[in-house]
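Enquirer: Need coordinates for the following:
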Amino acid sequence: MIPKSSDGKCRVLSLSYGKDSMACLGALEELQWPLDRIVTADVWATDTIPADLPPMMEFKDYADKAIKKRYGIEVEHYRSRRTYEERFYCVRTERAKKRPGMIYGWPFSVTGAWCNSDLKMDAIRACRKSYAGGIEYIGIAVDESNRYHNLSDTKLSPLVEIGWTEADCLAWCEKNSLLSPIYTQSARGGCWFCHNQGVQQLRLLRKQYPDLWALLLKWDADSPVTFHADGHTVHDFNKRFEAEEKGIVPNDRTFRWSMLNGQANSN
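Expert: Model prediction:
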């Protein structure tokens, strides 16, 4: 078991469900460092659809129950004040210098990556506000020295203290049946609607989750800006994937947009 704080100062684990933050539980147990709460930040696509794909949502539910059973701590989920869809359709005011009275649409070319600042970070800020003045545990492995600048007197890494590498964290998660599906290639990490995801991830989304792909196409039709900075839209990718299925174009690195004969923007 992991002890509770005895000095009146709250100790909180910030959980992302990745191998490093999850392995913090094992490190805390071995170090016998106190832990009072576990918090996580969630992003939602709509009021009823999460940003994570089903395999990841299933894992989170499983992990929450396993953590509660083993450590007696309920994982607290915080979410941003708005969903991705609500922010996507937020209308720019007439005072705006660009696109007055139009929806924001895809985030890359309007005001920067608002999806991170307005959604993910909004939820994280809500988490941190709930334990202001406490000590936060974060999952930085001992072999991630490039991230040490994130540590301070109030932000500690039990992994650095105990000397666990990323490989050690992976092994601990495997041993304790708490390894996220993103490491077994059964699901991708991050938001399923992310404009930075690769072609293969988009291809799999369309094939495995047609309902989510349909929602992506709807948003794409309503967006005043393109999905990718190079000018390509979700509809362009849809045409590409349809052409791949018909054998008209290759589905590897030899593909060129010009192969679609004007069906999508050429590059």
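
Enquirer: hey, where'd the strands end up in the stretch 1-150 of the chain?
Expert: Ranges of strands in the stretch 1-150 of the chain, per DSSP state E, counting those that start in this stretch, are 11-14, 37-42, 75-79, 135-137.

Enquirer: okay, the ones you listed in a markdown table with distance to residue 245 next?
Expert: C-beta coordinates here come from the backbone N, C-alpha and C atoms, glycine included. Listed next are these as a markdown table, based on distance: least, Cβ to Cβ, whole Å:
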| stretch | distance to residue 245 |
| --- | --- |
| strand 11-14 | 42 |
| strand 37-42 | 34 |
| strand 75-79 | 37 |
| strand 135-137 | 47 |
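
Enquirer: Quick one: closest of these to residue 89.
Expert: Between residue 89 and the strands of the stretch 1-150 of the chain, the tightest spacing by Cβ to Cβ is seen for strand 75-79, at 17.9 Å.

Enquirer: What lies in contact with the closest one?
Expert: 15, 37-44, 63-64, 67-68, 123-124, 126-127, 130 (Cβ atoms under 8 Å, 6 or more residues apart in numbering).

Enquirer: do the same with stretch 247-267
Expert: 203, 230-233, 235-236, 239-240, 243-244.

Enquirer: Also stretch 132-139?
Expert: So stretch 132-139 is contacted by 9-14, 16, 18-24, 28, 33, 35-36, 128, 150-151, 154-159, 169 (Cβ under 8 Å, 6+ apart).

Enquirer: try 7 Å
Expert: Residues outside stretch 132-139 that contact it (Cβ atoms under 7 Å, 6 or more residues apart in numbering) are 9-14, 16, 18, 20-21, 23-24, 28, 150, 154-159.

Enquirer: Emit the PyMOL select command for whichever of those are buried.
Expert: Buried residues among these (16 or more other Cβ atoms under 10 Å), as a PyMOL selection:
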select buried, resi 10+11+12+13+14+18+20+21+23+24+28+156+157+158+159
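
Enquirer: Tell me which stretches of the stretch 151-267 of the chain form helices.
Expert: Taking DSSP state H, counting those that start in this stretch, the helices of the stretch 151-267 of the chain run over residues 158-162, 166-175, 199-208, 210-222, 234-245.

Enquirer: can you give me the helices in the stretch 1-150 of the chain?
Expert: Here the stretch 1-150 of the chain has its helices, by DSSP H, counting those that start in this stretch, at 19-31, 54-71, 84-88, 114, 121-130.

Enquirer: Give the other helices and strands that the first one contacts.
Expert: This points to helix 19-31. helix 158-162, helix 166-175 (3 or more Cβ pairs under 7 Å, 6 or more residues apart in numbering; DSSP states H and E).

Enquirer: In the longest one, which residues are buried?
Expert: The neighbour-count criterion (16+ other Cβ under 10 Å) identifies 166, 168-173 as the buried residues of helix 166-175.

Enquirer: before we move on, the earlier item: lowest average pLDDT across the helices of the stretch 1-150 of the chain?
Expert: The minimum mean pLDDT among those belongs to helix 114 (a mean of 77).

Enquirer: hmm, who's touching that one?
Expert: Contact with helix 114 is made by 87, 104, 107, as judged by Cβ under 7 Å, 6+ apart.

Enquirer: re earlier: export the helices of the stretch 151-267 of the chain to JSON lines and tack on mean pLDDT and distance to residue 251?
Expert: Supplementary listing: those in JSON lines, determined by pLDDT from 0 to 100; distance: least, Cβ to Cβ, whole Å:
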{"stretch": "helix 158-162", "mean pLDDT": "98", "distance to residue 251": "40"}
{"stretch": "helix 166-175", "mean pLDDT": "97", "distance to residue 251": "31"}
{"stretch": "helix 199-208", "mean pLDDT": "94", "distance to residue 251": "7"}
{"stretch": "helix 210-222", "mean pLDDT": "98", "distance to residue 251": "16"}
{"stretch": "helix 234-245", "mean pLDDT": "97", "distance to residue 251": "4"}
